[in-house]
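Colleague: Okay, here's the prediction I keep looking at, along with the sequence it came from:
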Amino acid sequence: MTMHKSAQRLMSSLLFASAAIAILPHSAFALDGQDLLKKINAAYASSGVVINASGVDVNGDTVVLKDANFTPEDSKDKTPVPVGNVTMTGVAAMDDGSYEIDRVDFQPINVTSEKSTITASDLYLSGVTVPGKTGTNDLSSMLFYEKAHSGPIAIKADGKDVVSISEIEATSAIEDDGASLSFDAAVNGVKLDLSSVEDPNSKETIDALGLSNLDGKMTMKGSWELHSGTVDVEEYALDFKNIGKLNISFSLSGYTMDLMKQIQEAAAASKANSADPQAQQAAGIATLGLLQQMSFLGADIRFEDAGLTARALEYSGKKQGVSAKDMGQMIKAMTPLLLAQAKLGALQNSVSAAVNAYIDNPKSFTVTAEPENPVPFPMIIGAAMGAPETLPKVLGVSVTSND
């Protein structure tokens, strides 16, 4: 009877313990902080930088890299760049050896060198995935984040703000099929003070064009499809008040995970043998070989004027001793002569017409490349080197204004 009761008590204890373990949160199990740091470095290896820390503290689902620094490994200058403590919260180890991290917070930056100071705050990543393995050719082998953020950034020289940014935010997302990645970024509140430029000629030009104090933003949006290696950058724009907006979009194919790794390896080998001319030549040839895998699909370059053109005509005319209107007429007259030397064929007329319309009423100027079929990069390089006048036809170039 006693043995039977003892067995019952033992069984009850085991069942209770099993139930307690089953309902404990994942973070109740100790995380391996050193393994996490090792896998972060493995995923980050292609950048040529190693992350070191004086210690790795683990407390529940929080991991802190103590006194961390970034050390360049493939550069002559291997001086570590200190970043202080890096705090990772909501860390979870997955069954496949990867890690998911809710948020990574960096300490504010305040670096002074001679007469310059750089400050940045509110630096963090969120929705971070650290791969368990890096050898596969899919997105699961990449260090991935859903959002990267920086608050105010300022660069000062002699105590005066030279460059400041109010906020940077970049987001990315892996599509449900796991075969493509979308991304976008915005750099807001960009201010550049060029009033302290000392060179007289440069200062004169900057003042005349109204470039002493620039205020604007930068934006980017695009996607990457892994199987075909299609990179589609829908927008890469610089937009500054009283200047204008320059937007570049382009699309290319063949930039697969495998090609990306080959290019990274070639770049690393080139850096490692930077003092050897023959090695550099071999690296250049190897890079051209890799580019054979890529094709150009299209591009669009568009400038929307916000006052810069009028000031440029005024300044150029003053230099020539004529009015802005006369300067515009001179440019319109010179354009066909310059284009004739380039041997652009039928494109010459459309370019001249676009320039004339833009000079008369500067609103927008657009250069578009839409080839009928994808153009391999080696064909573009060959045409540029051997017969540059054929490039417009090869790439399907057209030029318009004020559309």
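Modeller: Everything's here; your move.
Colleague: Beyond the helix or strand of the chain with the lowest mean pLDDT, next helix or strand please.
Modeller: One helix or strand of the chain scores below all others by mean pLDDT, DSSP states H and E: helix 2-23, with a mean of 38. Going down the chain from helix 2-23, the next helix or strand is helix 33-44, by DSSP states H and E.
Colleague: starting at the chain centroid, how far to that following helix?
Modeller: Remark: helix 33-44 is offset 23 Å from the chain centroid, using Cα atoms, centre = their mean, to the nearest Å.
Colleague: For it, output the C-alpha coordinates as CSV.
Modeller: These are the backbone C-alpha positions of helix 33-44, laid out as CSV (Å, rounded to 0.1, in the frame of the first residue of the first chain):
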residue,chain,number,x,y,z
GLY,A,33,24.0,34.9,-26.1
GLN,A,34,27.3,33.9,-27.5
ASP,A,35,25.6,31.8,-30.2
LEU,A,36,23.4,34.7,-31.1
LEU,A,37,26.4,37.0,-31.5
LYS,A,38,28.2,34.3,-33.6
LYS,A,39,25.2,34.0,-35.9
ILE,A,40,24.9,37.8,-36.3
ASN,A,41,28.5,37.9,-37.4
ALA,A,42,28.1,35.0,-39.8
ALA,A,43,25.2,36.8,-41.4
TYR,A,44,27.1,40.1,-41.4
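Colleague: After that helix, which helix or strand is next?
Modeller: Helix 33-44 is succeeded, C-terminally, by strand 49-52 (DSSP H and E).
Colleague: Return the residues in contact with the residue nearest to Y315 when sequence neighbours are not counted.
Modeller: In space, and not counting its chain neighbours, Y315 is closest to A208: 4.1 Å by Cβ to Cβ, 6 or more residues apart in numbering. Quick note: C-beta positions are derived from backbone N, CA and C, even for glycine. For A208, the contacting residues are 311, 314-315, 318, by Cβ atoms under 8 Å, 6 or more residues apart in numbering.
Colleague: Distance of A208 relative to E314?
Modeller: According to Cβ to Cβ, to the nearest Å, A208 and E314 sit 8 Å apart.
Colleague: now do G97
Modeller: Distance from G97 to E314, by Cβ to Cβ: 64 Å.
Colleague: again, but for L339
Modeller: Distance of L339 to E314, computed by Cβ to Cβ: 25 Å.
Colleague: Which of the contacts of A208 fall within strands?
Modeller: Judged by DSSP state E, the subset of the contacts of A208 located in strands is empty.
Colleague: List only buried entries from these.
Modeller: By neighbour count, with 16 or more other Cβ atoms under 10 Å, the contacts of A208 hold 311, 314-315 as buried.
Colleague: Put together TSV for those residues, with pLDDT and distance to N137 on each row.
Modeller: Below are the buried ones among the contacts of A208 laid out as TSV (pLDDT from 0 to 100; distance: Cβ to Cβ, whole Å):
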residue	pLDDT	distance to N137
R311	97	51
E314	96	55
Y315	96	53
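Colleague: which one of those residues sits closest to S126?
Modeller: Closest approach between these and S126, by Cβ to Cβ: R311, at 42.7 Å.
Colleague: my read: the closest one touches G210, true?
Modeller: Yes - applying Cβ atoms under 8 Å, one finds R311 in contact with G210, separated by 5.5 Å.
Colleague: what do these two both touch?
Modeller: Applying Cβ under 8 Å, 6+ apart, one finds that no residue jointly contacts R311 and G210.
Colleague: mind checking the SS state of A354?
Modeller: Here A354 is helix, with the state taken from DSSP: H, G, I helix; E, B strand; the rest coil.
Colleague: Give me the nearest residue to it, chain neighbours excluded.
Modeller: With Cβ to Cβ, 6+ apart as the criterion, A354 has its nearest non-adjacent residue at 4.1 Å, and that residue is S401.
Colleague: Pop out the phi and psi values for the one you found.
Modeller: phi -140, psi 150 (degrees, to the nearest 10).
Colleague: Likewise for V231?
Modeller: Main-chain dihedrals, V231, degrees, to the nearest 10: phi -110, psi 120.
Colleague: about what we covered before: any idea how far Y358 is from the residue nearest to Y315?
Modeller: To Y358, A208 is 20 Å away according to Cβ to Cβ.
Colleague: ok so, going back, which of the buried ones among the contacts of A208 lies closest to M218?
Modeller: Within the buried ones among the contacts of A208, distances to M218 taken as Cβ to Cβ reach their minimum at R311, with 22.0 Å.
Colleague: just the helices in the chain please.
Modeller: 2-23, 33-44, 200-208, 257-272, 277-291, 308-320, 324-342, 347-360, 377-386, 391-395 (DSSP state H).
Colleague: so which of the ones you listed gets nearest A93?
Modeller: Using Cβ to Cβ, these put helix 33-44 closest to A93, at 8.0 Å.
Colleague: Can you name every helix or strand that the closest one contacts?
Modeller: Here helix 33-44 touches strand 49-52, strand 55-59, strand 62-72, strand 81-93, strand 123-130, going by 3 or more Cβ pairs under 8 Å, 6 or more residues apart in numbering; DSSP states H and E.
Colleague: can you list those strands in a markdown table and add mean pLDDT and distance to S274?
Modeller: Output for the helices and strands packed on helix 33-44, formatted as a markdown table (pLDDT from 0 to 100; distance: least, Cβ to Cβ, whole Å):
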| stretch | mean pLDDT | distance to S274 |
| --- | --- | --- |
| strand 49-52 | 91 | 17 |
| strand 55-59 | 95 | 34 |
| strand 62-72 | 93 | 13 |
| strand 81-93 | 94 | 21 |
| strand 123-130 | 96 | 31 |
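Colleague: Mind putting these into TSV with distance to K332 and mean neighbour count?
Modeller: Below are those laid out as TSV (distance: least, Cβ to Cβ, whole Å; neighbours: other Cβ atoms under 10 Å):
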stretch	distance to K332	mean neighbour count
strand 49-52	51	16
strand 55-59	67	14
strand 62-72	51	17
strand 81-93	52	17
strand 123-130	50	20
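Colleague: Dump the ones you listed into CSV; add distance to D258 as well.
Modeller: Output for those, formatted as CSV (distance: least, Cβ to Cβ, whole Å):
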stretch, distance to D258
strand 49-52, 22
strand 55-59, 33
strand 62-72, 25
strand 81-93, 29
strand 123-130, 21
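Colleague: low-confidence ranges in this protein?
Modeller: Scanning the chain for pLDDT under 70 picks out the ranges 1-30, 74-77.
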